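**Q** Requesting a structural model of the entry that follows:
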Amino acid sequence: MKLASRITNVKPSATISITIRANELKAEGKNVISLAAGQPDFDTPQHIKDACAKALQAGKTKYSPPDGTVALRKAISAKFKRDNNLDYPVDQIVVSCGAKHSLYNIFQIIVESGDEVIIPQPYWVSYPEFVRLAGGAPVFVETTQEHNFLISPEQLEKAITPKTKALVLNSPSNPTGMAYSKEALEALAEVLRKHPEVVIVSDEIYEDLTYGGFKHTSFATVAPDLFDRTFTVNGHSKTYSMTGWRLGYSGCPDKESAKAIKKLQAQSTTGTVTFTQDGGVAALNESQDCVNEMLKAFEERREYIVNALNEIPGVKCLNPQGAFYVFPDISAWGIPSMDLAKRLLEEAMIAVIPGGAFGADSNIRISFATSLEDLKEAVKRIKEWREKCKK
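**A** Numbering: from 1, shown residues only. You can find the predicted model right below:
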């Protein structure tokens, strides 16, 4: 059977392929330590699970409205106001099957054939594929470790052309963990004001996972005059360790765009799972102590892994401001990132993600969403493996 070019042109996810191979080795009885996970290693907090169970017992098992239950959209609207000082009415919020689905939907409704979408590099692996699936062309703007992997106003201005449809911002970032300060966002906004045709897609899924006193700021908060062309994307997955629940959402710039996503979703998934949305309400409306507990553990792990990696000869690692990843530069080792990831997995039983998957072959992505004990053992194995390679 001949498949459509739109799917044959999509690249497979390196994140998933590494995880699959790591699971195969584990099934063979190998002691694999995975530093590849893009999800917290904590269980979903009990009060969230209880709210879902209560919804099930109450018979909330029928179709959800395509844009999400009113109760959840009200909770999201209140969250935007409380945490971000953003006024998103309920009819400008669409709940989807994870923030990934939210982003896919946005590109489907705004991108046409020939449109360009600016994506700072390194980038989350799915952004360019979403753009290609919508018929657009990703335009990568390379950032550097020396500048904390952040796109500059000058780079943004240079990248914008008459074909530019959108700019993707991910702060804090997957894979780098770096984030844009309020001042950095204001500088980008100054450029975007000169280009009223450019839409901003702000992926803020890691907003609550920040460290060292860094404060997340939403792009639309910094530039309220650009609200009417900014999508703010978030979800429950990372903050509340609810990756499998598939709850993401878009704050849309106007009712028209929200209706467009709702229409698209009605013809694809219909909506996300009804009873999980009650858990989503509990997550947003009830105590946030569970988030603070996870943050405390992540901060301890971050401090350890950054210091430990920087002690390994040839490794240069920034201290991330958010998320739960470090993105060390391993170019001094002279091994392409995919080859390095394969060798670490097969020879040291350590799963990492090659930086090449994110457009940065000089780096690897390491997740510290695992126990401190496992992180210490992983660093020990990497050091030993590297020493053997030198002999």
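
**Q** ok, residues contacting the helix or strand Thr221 falls within?
**A** Per DSSP states H and E: Thr221 is located in helix 219-222. For helix 219-222, the surrounding residues in contact (C-beta atoms under 8 Å, 6 or more residues apart in numbering) are 84-86, 169, 171, 182, 185-186, 188-189, 200, 202, 226-227, 230, 232, 251. From N, CA and C alone the C-beta is placed, and that goes for glycine too.

**Q** After it, which helix or strand is next?
**A** With DSSP H and E, the next secondary element past helix 219-222 is strand 230-235.

**Q** per-residue pLDDT, Arg21?
**A** Among the per-residue scores, Arg21 shows a pLDDT of 86.

**Q** quick check, it in a helix?
**A** Yes. With DSSP: H, G, I helix; E, B strand; the rest coil as the criterion, Arg21 is part of a helix.

**Q** And the strands in the stretch 101-250 of the chain?
**A** Remark: strands assigned in the stretch 101-250 of the chain by DSSP state E, counting those that start in this stretch are 116-121, 137-142, 164-170, 199-203, 230-235, 248-251.

**Q** and Phe214, which of those is closest to it?
**A** strand 164-170 (15.1 Å; C-beta to C-beta).

**Q** State the mean pLDDT of the closest one.
**A** 98.

**Q** mind checking how far that strand is from the chain centre?
**A** Counting by C-alpha atoms, centre = their mean, to the nearest Å, strand 164-170 is centred 15 Å from the centre of its parent chain.

**Q** Partner strands of it, with direction?
**A** Here strand 164-170 has these sheet partners by DSSP bridges: strand 116-121 (parallel), strand 199-203 (parallel).

**Q** what's next to that strand, contact-wise?
**A** Outside strand 164-170, the residues that touch it by C-beta under 8 Å, 6+ apart are 107, 110-112, 115-120, 123-124, 127, 136, 139, 156, 180, 185, 188, 192, 195, 197-203, 219.

**Q** Can you flag the buried ones in the residues you listed?
**A** 107, 110-111, 115-120, 123-124, 127, 136, 139, 156, 180, 185, 188, 192, 198-203, 219 (16 or more other C-beta atoms under 10 Å).

**Q** Next one: Ser113 from Ile160, what distance?
**A** Shown here: Ser113 relative to Ile160, a distance of 19 Å by C-beta to C-beta, to the nearest Å.

**Q** who's more crowded, the two?
**A** Ile160 (18 against 8; other C-beta atoms under 10 Å).
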